[in-house]
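1. With the input below, show me the fold.
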Amino acid sequence: MSDVEVVLRSTRVITPEGTRAATVAVSAGKITAVLPYDASVESARVEDLGDDVLLPGLVDTHVHVNDPGRTEWEGFWTATRAAAAGGITTLVDMPLNSLPPTTTVENLRVKQRVAADKAHIDVGFWGGALPGNVKDLRPLHEAGVFGFKAFLSPSGVEEFPHLDQEQLAQSLAEIASFGGLLIVHAEDPHHLEAAPQQGGPKYADFLASRPRDAEDTAIAQLIAQARRLDARVHVLHLSSSDALPLIAEAKAEGVRVTVETCPHYLTLTAEEVPDGASEFKCCPPIRESANQDLLWQALADGTIDCVVTDHSPSTADLKTDDFATAWGGISGLQLSLAAVWTEARRRGHGLEDVVRWMSSRTAELVGLDGRKGAIEAGRDADFAVLAPDETFTVDPAALQHRNRVTAYAGKTLYGVVKSTWLRGERVVVDGEFTEPRGHLLTRTH
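-> Now for the predicted structure:
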């Protein structure tokens with residue numbers, strides 16, 4: 001092993017076989033071996049991490065970077081710094097909230113050019129499925145997008161309209177024809193229209209305007225389409241626990257459906273949201289604590305596959321105290337690992353579980369599981385170094401997000417990211433960043 005450039009040694013390395021003391025050898029950006037703790041590797045630089053935990057870099061498959069077009073909301077430079085500070089080494093960017101949206105190959109190329117020299121971590125892209133762009137789906141797939149995002153209710157931006165059931169069937173049939181993946185914001189517009197729309201600062205009124213049955217109905221319709229077409233679908237940001245039995249039944253009968261939820265659904269509750277505090281607004285909404293308990297149970301039993309941020313920032317002025325008109329989105333890139341770990345440890349889960357939900361399964365979702373998501377030979381040498389028992393109090397001023405609005409302000413969280421590594425090189429250590437080293441990823445890359 002004379003070609004090894006660096007080894008990372010820790011008493012706690014999270015590997016697919018479990019957590020153990022180990023020495024991880026790295027060469028040319030790849031993990032070449034996971035060795036016994038006391039192994040000696042000739043001529044390699046040794047980074048002794050002591051008792052800090054070495055875990056695979058997180059893979060966040062649901063991020064709105066908004067660049068280009070709405071760069072005052074967020075951008076690749078700031079978003080990828082925030083991600084790196086939180087132990088995330090790969091993100092997949094959503095096709096909307098940027099201008100142009102990623103709905104044609106030409107628009108994808110615009111997005112890639114903008115991201116190329118700004119990415120501190122690796123970045124891939126989702127395409128978009130809109131009314132009338134079925135002809136663009138296969139070319140986007142061949143250009144390397146990881147799948148296609150669709151809304152079943154209004155998206156909040158005019159340039160990304162939602163699909164009705166007939167349009168969903170057309171898009172899904174096309175995507176299934178080339179073995180692609182459709183990821184879906186599943187809320188039924190008819191249920192939303194029928195719900196009371198009072199507006200104003202009361203969170204209870206906003207919660208009533210996005211009822212669980214809107215999610216449940218849309219998910220049932222999506223599963224029915226996936227079953228009929230033998231298509232692969234993924235439910236985005238699940239918040240309604242009422243949909244869990246339907247999802248579990250579909251999985252058991254072999255429907256190709258996977259499901260994600262988000263840190264804010266797992267760590268924040270409707271009961272704690274102050275009136276007028278629209279930093280807590282997202283769609284679907286943060287629900288009650290009893291609902292949250294069932295989401296955790298579904299994570300534990302595998303009904304929910306993974307946890308992603310749905311980082312969806314805006315400028316502070318759009319976060320008004322009227323829940324009806326305020327922008328809906330939670331900024332969570334930098335805090336997702338700590339937020340989930342804090343609640344997971346309280347509920348008796350280990351870091352191995354968190355790694356499975358936030359790295360291994362997300363890498364698998366987008367077909368990067370040969371490269372990302374685990375500490376084993378042959379994978380990219382992407383790591384987060386975590387002090388899991390250290391705490392910090394969230395100070396918005398310390399965030400790398402372009403707009404430092406956060407629902408976690410003032411919360412004390414467990415898990416301090418000491419450093420983040422991308423292909424064997426440190427990209428952030430103790431809050432200090434290198435120049436951007438991220439690569440642009442494609443589905444076949």
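2. where are the low-confidence patches of this structure?
-> Scanning the chain for pLDDT under 70 picks out 1-2, 445.
3. what do you get if the cut-off is 80, keeping everything else the same?
-> For the chain, the stretches with pLDDT under 80 are 1-2, 444-445.
4. could I get the helix or strand containing residue 174 in CSV with only the CA atoms?
-> Assigned by DSSP states H and E, residue 174 belongs to helix 165-177. Taking Å, rounded to 0.1, in the frame of the first residue of the first chain, the C-alpha atoms of helix 165-177 are listed here in CSV:
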residue,chain,number,x,y,z
GLN,A,165,-53.5,13.4,-13.1
GLU,A,166,-53.5,12.9,-16.9
GLN,A,167,-50.3,14.9,-17.3
LEU,A,168,-48.8,12.9,-14.4
ALA,A,169,-49.6,9.7,-16.2
GLN,A,170,-48.1,10.9,-19.5
SER,A,171,-44.8,12.1,-17.8
LEU,A,172,-44.6,8.9,-15.7
ALA,A,173,-45.1,6.6,-18.7
GLU,A,174,-42.3,8.4,-20.5
ILE,A,175,-40.0,8.3,-17.5
ALA,A,176,-40.7,4.6,-16.9
SER,A,177,-39.9,3.9,-20.6
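5. Quick one: name whatever helix or strand follows it.
-> Defined by DSSP H and E, the subsequent element after helix 165-177 is strand 181-185.
6. Against which helices or strands is that next one packed?
-> strand 148-151, helix 165-177, strand 232-235 (3 or more CB pairs under 8 Å, 6 or more residues apart in numbering; DSSP states H and E). All C-beta atoms are positioned from the backbone trio N, CA, C, and that covers glycine.
7. Flag every buried residue along the longest one.
-> In terms of neighbour count (16 or more other CB atoms under 10 Å), helix 165-177 has its buried residues at 167, 168, 169, 170, 171, 172, 174, 175, 176.
8. helices or strands next to the helix holding residue 174 in the packing?
-> When contacts are defined as 3+ CB pairs under 8 Å, 6+ apart, helix 165-177 sits against helix 134-142, strand 148-151, strand 181-185, helix 212-229.
9. again, only this time at 10 Å
-> helix 134-142, strand 148-151, strand 181-185, helix 212-229, strand 232-235 (3 or more CB pairs under 10 Å, 6 or more residues apart in numbering; DSSP states H and E).
10. right, and those - which one's nearest residue 17?
-> Among the helices and strands packed on helix 165-177, strand 232-235 comes nearest to residue 17, with 27.7 Å by CB to CB.
11. can you pull the alpha-carbon coordinates of the closest one into PDB?
-> Provided in PDB are the C-alpha atoms of strand 232-235 (Å, rounded to 0.1, in the frame of the first residue of the first chain):
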ATOM      1  CA  ARG A 232     -40.300   4.100 -10.000                       C
ATOM      2  CA  VAL A 233     -41.500   7.000  -7.800                       C
ATOM      3  CA  HIS A 234     -40.300   8.800  -4.700                       C
ATOM      4  CA  VAL A 235     -42.500  10.700  -2.300                       C
END
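12. Next secondary structure element downstream of that strand?
-> helix 244-252.
13. buried sites along that following helix?
-> Across helix 244-252, burial judged by 16+ other CB under 10 Å covers 244, 247, 248, 250, 251.
14. Could you point out the helix or strand that follows it?
-> strand 257-261.
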